[in-house]
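1. build the 3D model from these lines:
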Amino acid sequence: MILKNKQNQGFTMVEVVVAAVIFALTAAGFYATISALTAPAEAKTQEVTAAFLAKQKLEELRTAVNADDWDTGTEATGYGLENNHTYNNEPPVIVDGITYQIQYTVIPVGETNSFNQTGRQVSMTISW
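-> The predicted model follows:
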């Protein structure tokens, strides 16, 4: 009787299936991790954009309104300053395909000073 020396001729089907399952589970874990980290990053990007838009609108209000005629000047018209009310007519701003809506309220605060002026408080909401 002659015995043949069996040499390694590759992987068995069971080994291939086990390796494929391990690879699939590992890949699914990486995908889930990346997906879980991407969503908060996108939300933070939107929050940063909203903060930038708020800063931009506040700067526009600050430069558009003359301190001597805050409520009566022509610059105050249309900014919601003349009647201390909520201003909702801002056109939506679209950044990177996301629509941001700006809404703000201006109210007087504090005592009237010697120039017959009071301070103003601006409350702003930006939704997307």
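2. please enumerate the strands of the protein.
-> 86-87, 93-95, 98-109, 119-127 (DSSP state E).
3. got TSV for these, with distance to residue 13 and mean pLDDT too?
-> (Glycine included, C-beta is placed from N, CA and C.) Converted to TSV, these look like this (distance: least, Cβ to Cβ, whole Å; pLDDT from 0 to 100):
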stretch	distance to residue 13	mean pLDDT
strand 86-87	70	64
strand 93-95	54	93
strand 98-109	50	85
strand 119-127	57	85
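4. let me have these in a markdown table, adding distance to residue 21 and mean neighbour count as columns.
-> What follows is the strands of the chain, written out as a markdown table (distance: least, Cβ to Cβ, whole Å; neighbours: other Cβ atoms under 10 Å):
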| stretch | distance to residue 21 | mean neighbour count |
| --- | --- | --- |
| strand 86-87 | 59 | 16 |
| strand 93-95 | 44 | 14 |
| strand 98-109 | 40 | 15 |
| strand 119-127 | 46 | 14 |
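5. wait, which of those strands is closest to residue 43?
-> Smallest distance to residue 43 across these (Cβ to Cβ): 11.0 Å, for strand 98-109.
6. any idea of the angle that closest one forms with strand 119-127?
-> 160 degrees (axes from the mean of the first three to the mean of the last three Cα atoms, to 10 degrees).
7. mind checking which of the strands of the chain is nearest residue 18?
-> strand 98-109 (44.9 Å).
8. check which helices and strands the closest one is in contact with.
-> helix 13-64, strand 86-87, strand 93-95, strand 119-127 (3 or more Cβ pairs under 8 Å, 6 or more residues apart in numbering; DSSP states H and E).
9. let's see 6 Å
-> Under the contact criterion of 3 or more Cβ pairs under 6 Å, 6 or more residues apart in numbering; DSSP states H and E, strand 98-109 touches strand 119-127.
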